[in-house]
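>>> Fold the following for me, if possible:
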Amino acid sequence: MLRSLLLSAAILGPFGAQAQGVAGPYLAARIAGFSNDYVAASEYYAQLIRRDDSNAQALENAIIINSVLGRFEAAAEIADDLEALGQRSQFASGAKLVQALVDARYEDARALLGQEEGVGGALLDGLLSAWVAIAAGETTDGLAQFDTLAETESFAPFAWIQKAYALAMAGDFEGADEILSGRAHGPLPANVRVVEAHAQILMKLDREADALDLLRQANDAANAPVLQDLQARIEAGEDVAYDVVTSPRDGLAEAYFTLALLLADESSTTFTLLNARAATTLRPDESDALILTAELLESQAQHDLAASVLTEVSRDDPAFFGAEIARADVLLASDQEDAAIEALRALSRSNADRKEVWSAYADALRRVDRPADAVAAYDRAIELDGGDASENWFWFFARGTAHQELGDWDPAETDFRRALELSPEQPNVLNYLGYGLVEQRTDLDEALDLIERAVEAQPNDGYITDSLGWALYRLDRFEEAVEPMERAVMLEPLDPLINDHLGDVLWVVGRTREAEFQWRRALSLDPEEDLDRIRRKLEVGLDQVLEKEAQSGAVEAARD
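Alright, predicted model coming up:
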């Protein structure tokens, strides 16, 4: 690309160079945009706009990029430039609408929402119109607009839920309860946010028992920190306020957040981000919207942006520890291992009684090759929980792998067997336990049975299939080992260890040239372990390598 641009400038002379002055930032902005590097793209578009070199397409792209970054004021200004060119754009209208709502310019917002083409689609525009009316002091009209929106069957649940929020905001807790209980319009989706609002409303109606019953059912079904915190506060006798939506601006943010959640699994990530950013712009302390925004950025490999968004979650918010765990994951994904571990270490001090924190800390320690520290963190998580629930099989499995990395087979085996007790037939546990027994050269018949069960459960897993081939090899069933080992390489062709294993199996059945090919292939894949051993096998063959290893083992045994 760079070479072609330089050649174009050389051929076109001074006029070409002038064109390149425009094309360079524009192409750079486009490339940055395509790769979701929003910060770089915004800088390139800003260069074009400052130099007055931008066209309509560049302006619209700049509006989108700034909106995704949550810079709606800048996006709205660029939207004015676009309209000055006689161009209309849904993205321009969207940016101007968010900024009008931020500035409480509700008549401007109404004008934008009243455009024939709309702004954000029928559902979002309908919800926003209702909240704008309420914000303008026209509460009766706003509530009626929710009713009108609910006449569209697919929109009804969202319209009713937000009407309930508006009623509660206005102090009509009885009316809000009628809706959220399902008595008014039938059952509604009971997500975490709805349950939180309904429980708070029940508390305002002095129905503590009903609120606790609702929360206990929800907490039995899902791990939602905000609901756990709310239940704990009620049980402690604290006064609970209604704070899900306390102002029309909160309601406007809720409308954007509702659409973002709906789009999260069905639309482009960028379009979903526009709505999530609108929600956080209108309500900067809304942790659910912040976390969704970070998740969307992380899915686009924008690790720094995602981590930055997560730092905006308040330390006092029940979702804080979950946000910090997510931030640590983002830091790990961007190779900032020390920062990730420090974040989780600090969290384990401030939230020392939360098993989820210790589990996340342990997982991170294992990922950065600190198995001894990981074992200690898993110990704490299991101690806090008791470890008897079936879903805790993974803690024992993960702690077992950490023990195995430390060379401590006995506790590793104990953990693997405990994991199987909690969740029988887990393929990964069957495989690790079976493979470990193979490597220990003990209970080989049981090891083979375990691995065969794992393969049956996950026949297309190359690593588990490799374990089966290796177990047969260890049992001296060489001919039987060939087929699963060849299949393992087909499933995981770029794994050096599996290629090395196939080489060993092929050697012992007399297919020496093919074995040497597999060993060379294993070397070409940059193995982290056994590099010298593979080279030695290529020099003298597997037989001599095994013979020398046997002699060395005998010498070590004699010394012991």
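>>> Is residue 222 in contact with residue 192, as I believe?
Yes. Contact criterion C-beta atoms under 8 Å: residue 222 and residue 192 qualify, at 7.0 Å. Quick note: C-beta positions are derived from backbone N, CA and C, even for glycine.
>>> Mind splitting the protein into its structural domains?
Domain segmentation of the chain under automatic domain parsing yields 1-117, 120-246, 498-560.
>>> what mean pLDDT would you report for the first one?
If you average the pLDDT over domain 1-117, you get 71.
>>> try stretch 362-377
Averaged across stretch 362-377, the pLDDT comes to 96.
>>> and what of stretch 462-482?
For stretch 462-482, mean pLDDT rounds to 94.
>>> Render the CA-only coordinates of it in PDB, please.
Once non-C-alpha atoms are left out, stretch 462-482 reads as follows in PDB (Å, rounded to 0.1, in the frame of the first residue of the first chain):
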ATOM      1  CA  GLY A 462      -7.400 -32.900  18.800                       C
ATOM      2  CA  TYR A 463      -5.800 -32.700  22.200                       C
ATOM      3  CA  ILE A 464      -8.100 -35.300  23.700                       C
ATOM      4  CA  THR A 465      -7.600 -37.500  20.600                       C
ATOM      5  CA  ASP A 466      -3.800 -37.100  21.000                       C
ATOM      6  CA  SER A 467      -4.200 -38.300  24.600                       C
ATOM      7  CA  LEU A 468      -5.900 -41.500  23.400                       C
ATOM      8  CA  GLY A 469      -3.100 -42.200  20.900                       C
ATOM      9  CA  TRP A 470      -0.500 -41.500  23.500                       C
ATOM     10  CA  ALA A 471      -2.100 -43.800  26.000                       C
ATOM     11  CA  LEU A 472      -2.200 -46.600  23.500                       C
ATOM     12  CA  TYR A 473       1.500 -45.900  22.800                       C
ATOM     13  CA  ARG A 474       2.300 -46.200  26.500                       C
ATOM     14  CA  LEU A 475       0.400 -49.500  26.600                       C
ATOM     15  CA  ASP A 476       2.700 -50.800  23.800                       C
ATOM     16  CA  ARG A 477      -0.400 -51.000  21.500                       C
ATOM     17  CA  PHE A 478       1.500 -49.200  18.800                       C
ATOM     18  CA  GLU A 479      -0.500 -50.200  15.700                       C
ATOM     19  CA  GLU A 480      -3.700 -49.100  17.500                       C
ATOM     20  CA  ALA A 481      -2.100 -45.800  18.400                       C
ATOM     21  CA  VAL A 482      -1.500 -44.800  14.800                       C
END
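>>> among the domains of the chain, which is nearest residue 318?
domain 120-246 (3.8 Å; C-beta to C-beta).
>>> so where's this protein shaky on pLDDT?
Residues of the chain meeting the criterion pLDDT under 70: 1-36, 40, 44-45, 51-54, 267, 553-560.
>>> Which of the helices or strands spans the closest residue in space to residue 235 that isn't next to it in sequence?
Excluding the flanking residues, the one nearest residue 235 by C-beta to C-beta, 6 or more residues apart in numbering is residue 212, at 7.0 Å. Following DSSP states H and E, the helix or strand that holds residue 212 is helix 208-221.
>>> Send me that helix as PDB with only the CA atoms.
This file holds the C-alpha atoms of helix 208-221, laid out as PDB (Å, rounded to 0.1, in the frame of the first residue of the first chain):
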ATOM      1  CA  GLU A 208     -40.600  -6.300  52.500                       C
ATOM      2  CA  ALA A 209     -41.500 -10.000  52.500                       C
ATOM      3  CA  ASP A 210     -42.600  -9.900  48.900                       C
ATOM      4  CA  ALA A 211     -39.400  -8.000  47.900                       C
ATOM      5  CA  LEU A 212     -37.200 -10.600  49.600                       C
ATOM      6  CA  ASP A 213     -39.100 -13.500  48.100                       C
ATOM      7  CA  LEU A 214     -38.600 -12.000  44.600                       C
ATOM      8  CA  LEU A 215     -34.900 -11.400  45.300                       C
ATOM      9  CA  ARG A 216     -34.300 -14.800  46.700                       C
ATOM     10  CA  GLN A 217     -35.800 -16.500  43.700                       C
ATOM     11  CA  ALA A 218     -33.800 -14.400  41.400                       C
ATOM     12  CA  ASN A 219     -30.500 -14.900  43.300                       C
ATOM     13  CA  ASP A 220     -31.100 -18.700  43.400                       C
ATOM     14  CA  ALA A 221     -31.400 -18.600  39.600                       C
END
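>>> Fine by me, we can end here.
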